[in-house]
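A.B. asks: Let's see this in three dimensions:
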Amino acid sequence: MMRRMAALPSGRVTKWVILALWVALLVPALMLAGKLGDVEKNDNSAWLPSNAESTKVVDRAEKFQPADTMPAIVVYDRPEGVTDADMTKARADAQAFKGIENVVGQPQGPLKAQDGKAIQTVVQVHKDKSGWEGIGKVVDAMAKVGEENAGGLGFHVTGPAGYASDSIKAFSGGGGLTTITALVVVVILLLTYRSPSLPLLPLLTVGVALVTSEAVIYLLAKNAGLTVNKQTSFILTVLVFGAATDYALLLISRYREELERHEDRHEAMAEALHRSSPAIIASAATVAVSLMLLMLATLNSTKGLGPACAVGILVGLLAMVTLMPALLVICGRWIFWPVKPSYGSAGATDEGLWARVGTAVSGRPRVVWIGTALVLGVMAIGVFGLKADGLSAQDQFTNKPQMAVGEEIQSRHFPAGSGDPIYVVAKAASAEQVKTALSSVPGVADASAPMVKDGEAIMLGELENDPSSTAAMRTVERVRTAVHGIEGADARVGGNTAIALDAQEAAARDSKVIIPIVLVVVFLILTLLLRAIVAPLLLMATVVLSFGAALGVSSLMFNHVFHFAGAEASFPLLTFVFLVALGIDYNIFLVTRVREVTLLHGTRRGALMGLSTTGGVITSAGLVLAGTFAAMASLPLVFAAELGFAVAFGVLLDTMIVRSVLVTALTLDVGRWMWWPSKLFRHHDAPQSPVDESSLEPALSGM
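C.D. replies: From the prediction side, this is the model:
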């Protein structure tokens with residue numbers, strides 16, 4: 001059955017049927033994929049679970065103010081001191097702001113700073129269905145008003161609306177990210193195959209897979225409540241390009257081998273799919289299952305990222321085992337020009353760089369794996385310096401957007417927390433008691449008089465610190481402790497700072513819960529695939545060690561080279577899932593090939609042969625994946641730069657060192673015990689002799 005299924009994409013008639021089906025699917029997919037931005041939710045409150053305290057405050061505060069508004073803090077400055085004309089302009093601007101679509105309520109101010117060098121106006125902006133993109137348009141319109149006839153008066157929009165505007169502009173570089181990612185893939189494929197035409201097929205197939213994935217995700221977001229945002233979109237692009245191209249590399253490599261053994265290209269592709277698809281499917285399943293486990297997260301943004309990326313992986317897999325084989329067979333051998341594989345030209349597999357690496361490792365494998373493990377362990381020490389406790393608004397950019405400049409000006413001339421207060425809702429009967437408790441908390445600069453309606457009261461607390469700072473979050477924690485202790489008040493604390501705090505705590509909880517589950521599930525998948533226990537345990541240990549080393553080095557780079565202020569709380573979890581799932585990928589590619597050779601020639605020969613035959617293609621796959629994640633640095637966002645660097649470095653570390661040196665040395669040292677307790681464990685090594693891979697045909701046909 002497996003052979004018959006593998007032959008379908010390469011059939012003389014079915015190849016055209018498969019191509020026609022994908023073309024027919026692509027037409028509606030293009031229409032739906034273009035609507036993905038319509039269902040994105042980019043505000044922090046939408047990412048939180050319904051039981052988060054700040055989410056409950058949003059619901060209870062609706063009777064006092066619309067839940068879908070955010071403040072835009074307008075800051076004017078003149079270093080030599082603002083003039084009466086400046087104040088007149090600020091008043092006129094405040095009236096003009098009211099005429100901008102989605103500006104609601106009365107502006108607060110303008111208010112002159114005590115030092116006389118700045119002016120502040122707070123404007124409430126309604127977030128409509130267009131989300132942050134709509135906020136960005138409002139901020140742009142406000143900037144047009146403020147900068148007109150300014151006469152040298154500085155103008156900036158900061159606060160939550162300013163952050164939303166600059167963030168959406170940063171994310172708008174996603175089109176550039178796609179282009180850069182595609183260029184990286186093309187360059188690496190050109191270097192790998194030295195063919196100007198061959199890279200076009202994987203690139204075309206990946207493009208189809210990406211568009212189809214986005215269409216499916218749009219339908220899930222619109223009809224099944226899946227939470228997606230701009231972060232989901234750019235990670236999806238990178239992951240589909242990287243992982244699907246990896247699958248293409250493995251398929252093309254095996255197809256090229258089979259073209260040297262089969263005169264008919266249809267037979268060659270059928271055999272290539274039959275041989276390579278188990279490893280490709282197993283690796284894709286491992287990544288998809290690991291990503292689906294993110295649905296256990298309480299943070300909606302993380303919970304939505306998992307299934308969205310899993311859809312990308314599965315659609316990429318489907319495209320690479322159906323559309324890609326059909327295209328390769330339709331094009332024929334000429335697609336490999338100028339180095340076309342010819343029938344009967346199968347060469348030796350005991351030559352090349354990775355064969356020499358295997359020979360070097362085989363001399364003293366125990367010394368090699370212990371030494372390599374110790375080096376990786378030392379690299380992992382840097383993990384203790386990782387500051388993954390969130391970033392303030394201005395620290396989330398690798399450059400300095402206008403919002404950050406405005407925030408610096410505001411903090412010099414006004415209380416840092418002005419314009420973006422915390423909200424405390426309580427029972428009306430306890431309002432004065434709650435206000436007294438709020439006013440007494442260190443870090444609260446001022447508390448407003450309670451507003452009472454329908455038995456509920458709300459009061460605003462102005463923070464002394466930047467509302468997006470760690471210090472402000474600690475103030476929120478103290479406020480919660482103070483007001484929660486008031487019996488019968490049912491007091492809850494919300495606002496943007498509280499939302500950020502709840503998101504941070506949810507992300508920390510998710511890491512503690514999901515990481516162990518991912519490890520267990522990946523171990524079970526490996527156990528089923530390899531039908532052994534020892535090999536999965538060792539492979540899991542190598543991947544976890546690789547993850548620790550990658551995170552340790554990344555922490556050192558973030559702190560001492562890039563000088564980032566820290567990392568988002570979700571960074572360790574996402575890095576772990578990507579590195580462990582993708583790292584296991586390469587081990588699956590290697591060890592399944594090792595197992596093939598072991599069936600006839602024993603574990604030692606299997607380890608060396610597996611490394612020499614897969615070394616080149618796995619290295620190329622690692623370079624593709626690392627290159628695509630590194631392309632994330634093109635976005636001016638610290639989160640993107642950090643995740644891109646950590647995954648790219650981890651993938652390179654895994655393909656160059658862990659997979660080629662550590663796993664090979666462990667396999668050579670442990671020997672046939674790698675396969676315990678399966679039947680393969682009882683196979684003793686055959687006498688060392690050159691191995692012609694074609695001799696594996698009888699054994700492999702029964703796999």
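A.B. asks: buried ones in stretch 263-277?
C.D. replies: Applying a neighbour-count criterion of 16 or more other CB atoms under 10 Å, one finds 265, 266, 268, 269, 270, 271, 272, 273, 274, 275, 276, 277 buried in stretch 263-277. Quick note: C-beta positions are derived from backbone N, CA and C, even for glycine.
A.B. asks: taking these one by one, which sit in helices?
C.D. replies: Judged by DSSP state H, the subset of these located in helices is 265, 266, 268, 269, 270, 271, 272, 273, 274, 275, 276, 277.
A.B. asks: For the stretch 151-300 of the chain, just list every one of the strands.
C.D. replies: Ranges of strands in the stretch 151-300 of the chain, per DSSP state E, counting those that start in this stretch, are 154-158.
A.B. asks: Closest one of the ones in helices among the buried residues of stretch 263-277 to residue 598?
C.D. replies: Relative to residue 598, the closest of those is residue 275; by CB to CB it sits at 15.5 Å.
A.B. asks: ok, the closest residue in space to residue 344 that isn't next to it in sequence - how many residues close by?
C.D. replies: Excluding the flanking residues, the one nearest residue 344 by CB to CB, 6 or more residues apart in numbering is residue 260, at 6.9 Å. For residue 260, the neighbour count with other CB atoms under 10 Å is 15.
A.B. asks: you'd agree residue 260 is up against residue 343?
C.D. replies: Yes - using CB atoms under 8 Å, residue 260 is in contact with residue 343, at 6.6 Å.
A.B. asks: So of the buried residues of stretch 263-277, which two are at opposite extremes in space?
C.D. replies: 265 and 277 (17.3 Å).
A.B. asks: Can you name the element that comes right after the helix or strand residue 505 falls within?
C.D. replies: Assigned by DSSP states H and E, residue 505 belongs to helix 496-530. Moving toward the C-terminus from helix 496-530, the next helix or strand (DSSP H and E) is helix 534-560.
A.B. asks: Return the set of buried residues in stretch 117-136.
C.D. replies: Across stretch 117-136, burial judged by 16+ other CB under 10 Å covers 117-127, 131-136.
A.B. asks: start to end distance for it?
C.D. replies: 27 Å (CA to CA, to the nearest Å).
A.B. asks: circling back: tell me what angle the helix holding residue 505 forms with helix 534-560.
C.D. replies: Interaxial angle of helix 496-530 relative to helix 534-560 (axes from the mean of the first three to the mean of the last three CA atoms, to 10 degrees): 150 degrees.
A.B. asks: What average pLDDT does helix 496-530 get?
C.D. replies: In this model, helix 496-530 has a mean pLDDT of 87.
A.B. asks: just stretch 591-599 next, same as before
C.D. replies: Average pLDDT, stretch 591-599: 78.
A.B. asks: Using CSV, list the CA coordinates for it.
C.D. replies: C-alpha atoms of stretch 591-599 as CSV (Å, rounded to 0.1, in the frame of the first residue of the first chain):
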residue,chain,number,x,y,z
VAL,A,591,18.9,7.9,12.6
THR,A,592,16.3,6.4,10.2
ARG,A,593,19.1,6.2,7.6
VAL,A,594,21.5,4.7,10.2
ARG,A,595,18.8,2.1,11.0
GLU,A,596,18.5,1.2,7.3
VAL,A,597,22.2,0.3,7.0
THR,A,598,22.2,-1.4,10.5
LEU,A,599,19.7,-3.9,9.3
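A.B. asks: Where do the helices of the stretch 301-450 of the chain begin and end?
C.D. replies: Using DSSP state H, counting those that start in this stretch, the helices found in the stretch 301-450 of the chain span residues 323-331, 353-363, 365-380, 402-413, 431-439.
A.B. asks: who wins for proximity to residue 394 among those?
C.D. replies: Across the helices of the stretch 301-450 of the chain, closest to residue 394 is helix 402-413 (CB to CB), at 3.7 Å.
A.B. asks: what sits up against that closest one?
C.D. replies: Contacts to helix 402-413, defined as CB atoms under 8 Å, 6 or more residues apart in numbering, come from residues 73, 75, 77, 113-115, 117-118, 120, 143, 154, 156-159, 162-163, 165-166, 393-394, 397, 416, 418-419, 466.
A.B. asks: Quick one: residues contacting the closest residue to residue 623 other than its chain neighbours.
C.D. replies: Leaving aside its chain neighbours, residue 623 sits nearest to residue 188 (5.2 Å; criterion: CB to CB, 6+ apart). By CB under 8 Å, 6+ apart, residue 188 lies in contact with 620, 623, 624, 627.
A.B. asks: Need those in a markdown table (columns: distance to residue 578).
C.D. replies: Output for those, formatted as a markdown table (distance: CB to CB, whole Å):
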| residue | distance to residue 578 |
| --- | --- |
| 620 | 19 |
| 623 | 16 |
| 624 | 15 |
| 627 | 15 |
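A.B. asks: Take those residues and lay them out in CSV including pLDDT.
C.D. replies: CSV is the format used below for these (pLDDT from 0 to 100):
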residue, pLDDT
620, 83
623, 87
624, 85
627, 87
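A.B. asks: Select from the residues you listed every entry located in strands.
C.D. replies: Among those, no member falls in strands (DSSP state E).
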